[in-house]
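Q: based on what follows, work out the 3D shape:
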Amino acid sequence: GSYCSGGTGVSIDLLSSQFGVSYQLFRGTTPVGSPVAGTGIGITMGVQTVAGVYWVTATNTSTLCSATMSMSDTISINPLPTIYNVTGGGGYCIGGTGVTVGLSNSQLGLQYRLYADGVYTGLMVAGTGSAINFGLQVTGGVYTVQATNTTTGCQNNMAGSATVTINPLPTAFNVTGGGGYCTGGTGTHVGLSGSAVGYTYQLMLGSTPVGSALAGTGGALDFGLQTMTGTYSVKGTNNVTGCNRLMSGTAVIVINPLPTAYLVFGSSTSYCAGSTGVTIYVSNTQVGVNYQLYLGGTPIGAALPGTGTSIDFGPQLTPGAYSVRALNTATGCTNNMSGVVNVSVNPLPNVYAVIGGGNYCVGGTGVHVGLASSNTGIRYQLSNSSGPVGAPVNGTGAAIDFGLQTAGGTYTVTATNAVTGCT
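A: Sure, this is the predicted structure:
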């Protein structure tokens, strides 16, 4: 028969034997081993490992007569499958598709079995005469390959092995920050609640990377102020294995509009000393927005809630620059309303003594009524109980005379500033 190279050989046997007869095994013309004495039953000539044609001669130990036993045995040695190298293996990330394990070459007529940690995986691939592939392997372990000749049954282990390792994903820390910020603001921070040394963390806006990745420190990370609206996430990557995953949660950034800038105006820009002042208005307002009046940088009174229409802050007596700042109570966004009302106080004309008057005789020309002094730019109107007397007289900077008055009664003078209207 035959056996596989490296095996223990095959046994040559004689089906029967006689007492007093010695049996000698030959390979070709060469004696093999020592003669074996007959036992009256079948005997073995021993296990033989050399290929060739074997036969047996029998010699009667008394008569020395000999004979060749019938038939012969042929021993052949079958070669083992050629040894090729196991290929592939490596690490893959949890949740991945695994890694490929294969063989650098193969022989036709052979079957190649894949083992993991010495246990048959159930995967068997027929030899093709070229490299073969056992596909993606997802179970961690050391993979080996055994080849079997389907004709001779000879087996051989292929060279080397492929190790498959399953690499863990980065720890999922929480994405922090986000929220709303006001139009024209600097943005809002996005960060990560923790990080690990040996990992990098990339901020993402949707599927787009934002800025450069940050190296893990073992503590929290801050990706700085972000101004683009949208949903932010963070991808963590192991610098050695390349395994990556999205961190827990997201941060959403929105831009809150500023309150609409409506017009600030006043009932006038000045008022006469002693009057009720100037009323400050906002031309329109928004519900949910509070409006604060300022004199310079100082708030005046309490903020007024928006009504959806115009509002007024009432008459203001203190001279200066009045402005209004609006605050959205939900978002905290503020905006200055358009315009400033500069309020000034106009003085009243100087008070001078009315002079003249007195008695005159019936049929006379009357008596003079005048003013002890006057100011340029001021108009002076003489009046009695019946109303104005004559036309206004312009101030000269000196005393003025309203002329001879003939109507009996009490005379007064009202001064009016021609520019401000103050009287």
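
Q: what's near enough to touch the residue lying closest to S338 once chain neighbours are set aside?
A: Nearest residue to S338, sequence neighbours excluded (CB to CB, 6 or more residues apart in numbering): A261, at 4.7 Å. C-beta here means a position set from N, CA and C on the backbone, and glycine is covered the same way. Contact analysis of A261 by CB atoms under 8 Å, 6 or more residues apart in numbering lists N335, N336, M337, S338.

Q: which residues does the most far-flung residue of the chain relative to its centre contact?
A: For the chain, the residue at maximal distance from the C-alpha centroid (CA atoms, centre = their mean) is G363, at 105.7 Å. For G363, no residue meets the contact criterion (CB under 8 Å, 6+ apart).

Q: roughly how far apart are it and T165?
A: Between G363 and T165 the computed distance is 136 Å (CB to CB, to the nearest Å).

Q: please apply the same query to G218.
A: On the measure of CB to CB, G218 and T165 end up 25 Å apart.

Q: and the contacts of A261 as JSON lines, adding neighbour count?
A: Below are these laid out as JSON lines (neighbours: other CB atoms under 10 Å):
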{"residue": "N335", "neighbour count": "20"}
{"residue": "N336", "neighbour count": "15"}
{"residue": "M337", "neighbour count": "23"}
{"residue": "S338", "neighbour count": "15"}
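
Q: looking at those residues, which is nearest F313?
A: M337 (11.4 Å; CB to CB).

Q: nearest residue to that closest one in space, ignoring adjacent ones along the chain?
A: Per CB to CB, 6+ apart, closest to M337 is V324, 4.2 Å.

Q: show me the contacts for that neighbour.
A: So V324 contacts V264, I280, V282, Y291, Q292, L293, Y294, F313, N336, M337 (CB under 8 Å, 6+ apart).

Q: now the strand or helix carrying it: mean pLDDT?
A: According to DSSP states H and E, V324 maps onto strand 320-328. Averaging pLDDT along strand 320-328 gives 98.

Q: sheet partners, orientation included, of the helix or strand that it is followed by?
A: Scanning forward in sequence from strand 320-328 by DSSP H and E, the next helix or strand is strand 334-336. In the sheet, strand 334-336 lines up against strand 320-328 (antiparallel) (DSSP bridges).

Q: for the strand it pairs with, buried residues please.
A: Buried residues in strand 320-328, counted by 16 or more other CB atoms under 10 Å: Y322, S323, V324, R325, A326, L327, N328.

Q: next: stretch 193-206.
A: Buried positions in stretch 193-206, judged by neighbour count with 16+ other CB under 10 Å: G194, S195, Y199, T200, Y201, Q202, L203, M204, L205.
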